[in-house]
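**Student:** Structure here, sequence nowhere to be found:
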């Protein structure tokens, strides 16, 4: 069974721009979660989607948003990029029923 | 709120040494506990997990036991290899909720 895939793997943007990241979960998984990893703040939860609905949300500003499609693929959008948004963005999928989360390789976002 | 405290790194060991990485948690109730590993340039891989008190998770020679009395989930391996060099994260979650991670412990094994 294929694992979680994330595209693109690397992105370079400038301040003020917006960016969209994509995540395809493991086949059959209906839950997708997003995490931000930075050297200073570590791993922080952004949000989780289950069956196209946001089920949980972390403490990030409204510039960070997401959505999930009927095939369970998810996108994350960050608008008005700031230098501090530079991070590794990790996506994780699970069946959604008290199951383990499995992570993708991440998207490395650099904001200049 | 819930939190995970991990042993500060970095940790450097010689090949075949015994490894312990300490992890303790603070939570209301009894969460599931996890160890994830991150190799350079990669995402997180699940190493092992335990879902209830006294459960022992094990994988690839690594073990951790869910200790409710001490709210701990220490990671151990009897004989480490160079290929075990990575960053190790302890984490907890309740059911379908988010994972709460520790700060990570960087492990370097020298031949």
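**Tutor:** Nice, thanks for sending it over. Everything numeric in this text was worked out from a predicted model, so none of it was measured.

**Student:** Name the residues of chain B found near chain A, please.
**Tutor:** B:34, B:36, B:42-46, B:49, B:89, B:93, B:95-104 (CB under 8 Å from any CB of the partner chain). No exception for glycine: its C-beta is placed from N, CA and C like everyone else's.

**Student:** For PyMOL, what selects the buried ones among those?
**Tutor:** Paste this into PyMOL to select the buried members of these, with burial taken from 16 or more other CB atoms under 10 Å in any protein chain shown:
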select buried, chain B and resi 34+36+43+44+46+49+89+93+96+97+98+99+100+101+102+103+104
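
**Student:** ok, now how distant is residue B:52 from residue B:66?
**Tutor:** Here the criterion is CB to CB, to the nearest Å. By it, residue B:52 lies 7 Å from residue B:66.

**Student:** And these two? Which one has more around it.
**Tutor:** residue B:66 (21 against 11; other CB atoms under 10 Å in any protein chain shown).

**Student:** Just give the nearest non-adjacent residue to the more buried one, would you?
**Tutor:** Of all residues beyond its chain neighbours, the one nearest residue B:66 is residue B:50 (4.0 Å), with distances taken as CB to CB, 6 or more residues apart in numbering or on different chains.

**Student:** who's that neighbour bridged to?
**Tutor:** residue B:33 (DSSP bridges).

**Student:** before we move on, what about residue A:109?
**Tutor:** Listed by DSSP bridges, the beta-bridge partners for residue A:109 are residue A:11, residue A:87.

**Student:** Quick one: residues contacting it.
**Tutor:** Residues counted as contacts of residue A:109 (CB atoms under 8 Å, 6 or more residues apart in numbering or on different chains) are A:11, A:13, A:19, A:21, A:78, A:85-89.

**Student:** Save those residues as TSV, and put in pLDDT too.
**Tutor:** Putting those into TSV (pLDDT from 0 to 100) gives the following:
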residue	pLDDT
A:11	97
A:13	98
A:19	98
A:21	98
A:78	98
A:85	98
A:86	98
A:87	97
A:88	97
A:89	98
